[in-house]
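K.L.:
Show me how the following folds:
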Amino acid sequence: MPQIDKDACRAAYDQVRNDDTDTNWAAFKYEDDNIVPAGVGCDFEDFKNLCTDDCRIFGFLRVTTGDAMSKRAKFTFITWMGKNISGLKLGKISTDKALVKEIVQNFAKEFSFNDQKDLDEEYIREELKKTGGANYDAQAE
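P.N.:
Residues are numbered from 1 along each chain as shown. Got it, this is the predicted structure:
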């Protein structure tokens with residue numbers, strides 16, 4: 001059964017949650033049978049570049065949503081399953097995800113992707129915008 005580096009993964013998670021940093025994503029990867037941080041950053045494209053056809057990645061992203069009257073940070077949890085991952089490893093994703101969710105607990109929406117074209121920042125932003133809160137943009141039209 002995989003182990004998770006709780007301290008290192010929690011530090012990456014906390015960096016994304018911290019309003020005083022520009023960090024807006026953290027990724028977690030498999031290293032042998034362990035789940036460890038794969039990196040943190042400010043550019044969605046850097047996160048997307050980690051999501052290749054031969055890997056499994058868990059991601060935690062901060063997305064600023066809202067409108068002219070109210071901006072707020074929303075968080076999402078992403079599971080990336082590359083197209084070249086074996087069925088056995090894909091089968092383990094759901095139980096391994098539970099380990100990551102012990103650390104990554106606060107998010108508005110969860111996504112699973114296996115195709116780069118679906119891993120789209122604007123799509124994620126629009127889906128998070130739907131998760132709640134008033135939208136005052138309609139009044140400006």
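
K.L.:
Chain neighbours aside, what residue packs nearest to residue 75?
P.N.:
residue 107 (4.2 Å; C-beta to C-beta, 6 or more residues apart in numbering). For glycine as for every other residue, the C-beta is placed from the backbone atoms N, C-alpha and C.

K.L.:
does the one you found really touch residue 60, like I thought?
P.N.:
Yes: the pair residue 107 / residue 60 is scored as a contact, 7.0 Å apart, by C-beta atoms under 8 Å.

K.L.:
Looking at these two, which one has more neighbours?
P.N.:
residue 60 (26 against 18; other C-beta atoms under 10 Å).

K.L.:
what helix or strand does that one sit in?
P.N.:
strand 56-66 (DSSP states H and E).

K.L.:
Dump the next helix or strand after that strand to CSV, keeping only the CA atoms.
P.N.:
Where DSSP H and E defines the elements, the next helix or strand beyond strand 56-66 is strand 71-81. In CSV, the C-alpha atoms belonging to strand 71-81 read as follows (Å, rounded to 0.1, in the frame of the first residue of the first chain):
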residue,chain,number,x,y,z
LYS,A,71,-13.5,38.3,-5.9
ARG,A,72,-12.8,35.1,-4.0
ALA,A,73,-10.5,32.2,-4.1
LYS,A,74,-12.0,28.8,-4.9
PHE,A,75,-10.1,25.6,-4.7
THR,A,76,-10.3,22.4,-6.8
PHE,A,77,-8.8,18.9,-6.5
ILE,A,78,-7.7,17.3,-9.8
THR,A,79,-6.9,13.6,-10.5
TRP,A,80,-4.8,13.1,-13.6
MET,A,81,-4.6,9.6,-15.1
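
K.L.:
and for residue 107 and residue 60, which residues touch both?
P.N.:
Shared contacts of residue 107 and residue 60 (C-beta atoms under 8 Å, 6 or more residues apart in numbering): 75, 76, 77.

K.L.:
just the buried members of those?
P.N.:
75, 76, 77 (16 or more other C-beta atoms under 10 Å).

K.L.:
for the protein, what spans make up the strands?
P.N.:
In order along the chain, the chain carries the following strands (DSSP state E): 3-4, 25-31, 34-41, 56-66, 71-81, 109-113.
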